[in-house]
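Asks: what's the 3D shape of this:
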Amino acid sequence: MEERFVINDEQTLRELYPATHDLAVQKMQATLGMHAQEFIRRSPFLCLGTQDLNGRADVSPRGDPPGFVKILDSKTLVIPDRPGNNRLDSLSNIIANPAVGLLFMIPGFEDTLRVNGAARLVTDPKLLETMTVNNRAPVLAIVVQVKQVFLHCAKALKRSQLWDPSQRQDRSQMPSLIRMILDETTGAPSEEEMRVIDAGLEDDYRKTMY
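Replies: Okay, the predicted model is just below:
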């Protein structure tokens, strides 16, 4: 790509777009209002954005039944850390750099809710007990001090038709998760061996969700 087509400063960037609408400026809030709180209570899914000290970014999906993110007050959220792959990318980033971005989604809603803030990792037993599922409390929780909150318009989800049933794709058109990983690393075994491995993954999901 030619260097002359690369945008390197904010003034040049803003010259490409119309001025921001007043409502878009005003919608940014410093606390969780009643509608933002209700959105979070209804949301079963969010994406957690983090960065390490070198600016390497990561986005991690987080999901549970609606209401899994606890609202302690208008400035504080708590996200349980459920079992995952134990890479701990997001958690390690938070220790290095507490700045986080959250994107909340609700099935059927084309609007989203964005929250920016500063996160801490906590192991308070009383707090973790409030997030017990299937008799298992999380090992730790991510406590987010809210700094910016705003409802995001529906254009992206409308364009993607994310919730349109007619746009659903057949998962069988791509290999299983483990097959794709093996194909791109050590190489996948025979189809028969893959069926056993895939069945083991599904069994592991059932046993280790919480």
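Asks: per-domain residue ranges of this protein.
Replies: For the chain, automatic domain parsing gives the domain ranges 8-160, 169-208.
Asks: any chance of these in TSV, with distance to Glu2, mean pLDDT and mean neighbour count too?
Replies: C-beta coordinates here come from the backbone N, C-alpha and C atoms, glycine included. As requested, the domains of the chain are arranged in TSV below (distance: least, C-beta to C-beta, whole Å; pLDDT from 0 to 100; neighbours: other C-beta atoms under 10 Å):
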stretch	distance to Glu2	mean pLDDT	mean neighbour count
domain 8-160	13	95	15
domain 169-208	31	93	11
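Asks: among those, which comes closest to Met1?
Replies: Among the domains of the chain, domain 8-160 comes nearest to Met1, with 13.0 Å by C-beta to C-beta.
Asks: and the end-to-end length of that closest one?
Replies: One end of domain 8-160 to the other measures 29 Å (C-alpha to C-alpha, to the nearest Å).
Asks: re the thing from before, distance to Met1 added to the domains of the chain, as CSV?
Replies: Shown next, in CSV, are the domains of the chain (distance: least, C-beta to C-beta, whole Å):
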stretch, distance to Met1
domain 8-160, 13
domain 169-208, 26
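Asks: quick check: Gln145 touching Lys75?
Replies: Yes - using C-beta atoms under 8 Å, Gln145 is in contact with Lys75, at 6.3 Å.
Asks: quick one: residues contacting Arg114.
Replies: Contact analysis of Arg114 by C-beta atoms under 8 Å, 6 or more residues apart in numbering lists 101-104, 148-152.
Asks: repeat for Arg159
Replies: For Arg159, counting by C-beta under 8 Å, 6+ apart, there are no contacting residues.
Asks: for the spatially most central residue of the chain, which non-adjacent residue is closest in space?
Replies: Closest residue to the average C-alpha location of the chain: Cys47 at 1.0 Å, with C-alpha atoms, centre = their mean. Distance criterion C-beta to C-beta, 6 or more residues apart in numbering; nearest residue to Cys47, sequence neighbours excluded, is Leu103 at 4.5 Å.
Asks: one more: Ile94?
Replies: Ala119 is the one closest to Ile94 (C-beta to C-beta, 6+ apart), at 4.7 Å.
Asks: helix, strand or coil: sort out the one you found for me.
Replies: strand (DSSP: H, G, I helix; E, B strand; the rest coil).
Asks: and what of Leu151?
Replies: strand.
Asks: from here on, count from 136
Replies: Got it, the first residue is 136 from now on, which makes the last one we talked about Leu286.
Asks: what's the separation between it and Leu238?
Replies: Using C-beta to C-beta, to the nearest Å, we find Leu286 at a distance of 11 Å from Leu238.
Asks: who touches both of those two?
Replies: 247-249.
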